[in-house]
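> Fold the following, please.
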Amino acid sequence: VKPALPQTLFAIISGYNDFEYVRTALRMSIVDYLDKPVTVEKVYAVLERMNAVFSAREQAAPNMAGLGEAMAELLRLEDVSLLQLKETGERCHANLLGVSNLTVVFLGAKRPESIPAAALEKALAVHEIACVFLPCGGGTLCVMHSERPYAVRDVRACVQSALEEAFASGEVECAGFSAQYMSLCDLKKAEQEASYAARYARFFDEEMVDFNALETDGGSNLSGCRSQIGFALRTGEWQSAMEQVRQTVEVMQKNKLTPELFCHVCLELIYQGLGVCRETGREFEKNGRPFLPHVEISELMRCDEVGRWTIETYDAMIQWLRQRRIQTERKDVLRARKYIDEHFGEPITLEMLSQMCSMHTTYFSVIFKEQIGMTYIKYLNVVRIEKAKQMLLAGEKVKDVGERCGFGSPRYFTEKFKQYTGVTPDQFRKNA
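Have a look, this model is predicted:
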């Protein structure tokens, strides 16, 4: 019923109190689960909670117009306090303090009007999630919020379903998800996370990427800086990586951090680089010997020495990574390409191909693109489309061709085929 009547509230009355029943029911975003004995008092209590939700919706409806204006204003601020939330809300006639369970999605689209906003709103309403769309550099932000907590993985699946046709047609290129936050005080941070995740998605030709899947830096204050350096190292932007390291060291020296804190931050930067080196399948060696950063840094006495050591070590790691790129055996990537050629009709994932080559997924993506000339997902689609052409010319049915070539549904096959060839499968066969 929910897709047809997304504003409806539900409660389940059941004779079963098994935990699995209850957990499955709660995943449906119901108001309550009543097990036996069911009394009139319990039913009235549920109805009162439902009435409270409806009342809150009625009060919130007039505020939706000002909500977008208020959010746009908050995004222009670096830090937002509860007082600023209150004042901004009063100016825009919106209850900003009542907005909670916040997740931001950055949608990279060629044209803002190509984003299926209505479909997204309807799909999210099933989970009792409201959304506001805001223009953002190079794309559109979808700010999702709800009165009750929700699982981001469920919302991700919901968004992917609503954007399926837009992804297939190329109108929407990518979507990046932020982490979930409790209030609009973190709106700016969520926007930055979503934008960063979308940048990853666009570079690797992925449709959707979660920031939480990329954020592996331990949550330190330098997590954003370290992620950007790691991104530059993985994508071969050596000069950019070195410049960011130099700038970070200079800022720390200028701010006169304590020696302990200065050394700690420099070690964090070094281990970030070592992590990227490890993604190649080998450990970084300095001057042909195992590298022990804690030992080396303990022998340095001054901050300028530690800063210079950090920069020189990064330069050595970059030279090592350059050499590894050159030495990376082409046969590993060719083996992955051969697997795609022979198993194009089966489910093929980035993780599967990376494990086959004993590489980290990000490193494999970069190497595959460098050596083959396109991302693995684009190559997979090209192979599938070429095989589909051969089958169509042999007289096979469109439905059978789509299934044999690894496309999930006839509609998805038709959309992908047209995206790559400019015509539908039927038109291609007719023209041929």
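> Okay, the closest residue to residue 240 other than its chain neighbours and residue 84: tell me how far apart.
Nearest in space to residue 240, with sequence neighbours left out and distances taken as CB to CB, 6 or more residues apart in numbering, is residue 232 at 4.4 Å. All C-beta spots, glycine's among them, are computed from the backbone N, C-alpha and C. Relative to residue 84, residue 232 is positioned 34 Å away (CB to CB, to the nearest Å).
> who has more neighbours, the two?
Set residue 232 next to residue 84 and count neighbours by other CB atoms under 10 Å: residue 232 wins out with 20 against 16.
> per-residue pLDDT, the more buried one?
We have a pLDDT of 84 for residue 232.
> Residue 273 is in contact with that one, correct?
No - using CB atoms under 8 Å, residue 232 is not in contact with residue 273, being 10.5 Å away.
> For the residue nearest to residue 240, give me its contacts.
238, 240, 241, 244 (CB atoms under 8 Å, 6 or more residues apart in numbering).
> Where does it fall, secondary structure wise?
Here residue 232 sits within helix 223-234, counting by DSSP states H and E.
> The stretch 101-250 of the chain: strands as residue ranges?
Taking DSSP state E, counting those that start in this stretch as the criterion, the stretch 101-250 of the chain contains strands spanning 103-109, 130-136, 139-145, 172-177, 208-210.
> closest one to residue 417 among the ones you listed?
Evaluated over the strands of the stretch 101-250 of the chain, closeness to residue 417 peaks at strand 172-177, with 18.6 Å, by CB to CB.
> after the helix ranked longest in the chain, next one along is what?
The single longest helix within the chain, with elements called by DSSP state H, is helix 303-327. Counting by DSSP H and E, the element after helix 303-327 in chain order, helix or strand, is helix 330-342.
> quick check, distance from that following helix to the centre of its chain.
27 Å (CA atoms, centre = their mean, to the nearest Å).
> So residue 114 sits against residue 167, correct?
No - checked against CB under 8 Å, the pair residue 114 and residue 167 is beyond contact range at 11.3 Å.
> Those two: which has the busier surroundings?
residue 167 (19 against 15).
> out of the contacts of residue 232, who has the most neighbours?
In terms of neighbours by other CB under 10 Å, the contacts of residue 232 top out with residue 241 at 26 neighbours.
> what about residue 200, neighbour count?
Residue 200 has 22 nearby residues by other CB under 10 Å.
> how near is residue 120 to residue 426?
Taken as CB to CB, the span from residue 120 to residue 426 is 30 Å.
> and if you look at residue 400?
Residue 400 sits 14 Å away from residue 426, going by CB to CB.
> Quick one: residues contacting the residue nearest to residue 163 when sequence neighbours are not counted.
Closest residue to residue 163 apart from its sequence neighbours, by CB to CB, 6+ apart: residue 172 at 5.5 Å. Counting by CB under 8 Å, 6+ apart, residue 172 touches 107, 108, 109, 114, 115, 163, 166.
> Tell me what residue 172 is bridged to.
residue 109 (DSSP bridges).
> Show the residue spans covered by the helices in the stretch 251-400 of the chain.
Applying DSSP state H, counting those that start in this stretch to the stretch 251-400 of the chain gives helices spanning 259-278, 293-298, 303-327, 330-342, 350-356, 361-372, 376-393, 398-404.
> Can I get those helices in CSV including mean pLDDT?
Below are the helices of the stretch 251-400 of the chain laid out as CSV (pLDDT from 0 to 100):
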stretch, mean pLDDT
helix 259-278, 88
helix 293-298, 91
helix 303-327, 88
helix 330-342, 87
helix 350-356, 89
helix 361-372, 83
helix 376-393, 94
helix 398-404, 91
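> Out of those, flag the one nearest residue 140.
With distances scored as CB to CB, the stretch of these nearest to residue 140 is helix 376-393 (23.0 Å).
> Closest one of the contacts of residue 232 to residue 320?
residue 238 (11.3 Å).
> May I ask which of the contacts of residue 172 has the most neighbours?
Neighbour max across the contacts of residue 172 (other CB under 10 Å) = residue 107, 27 neighbours.
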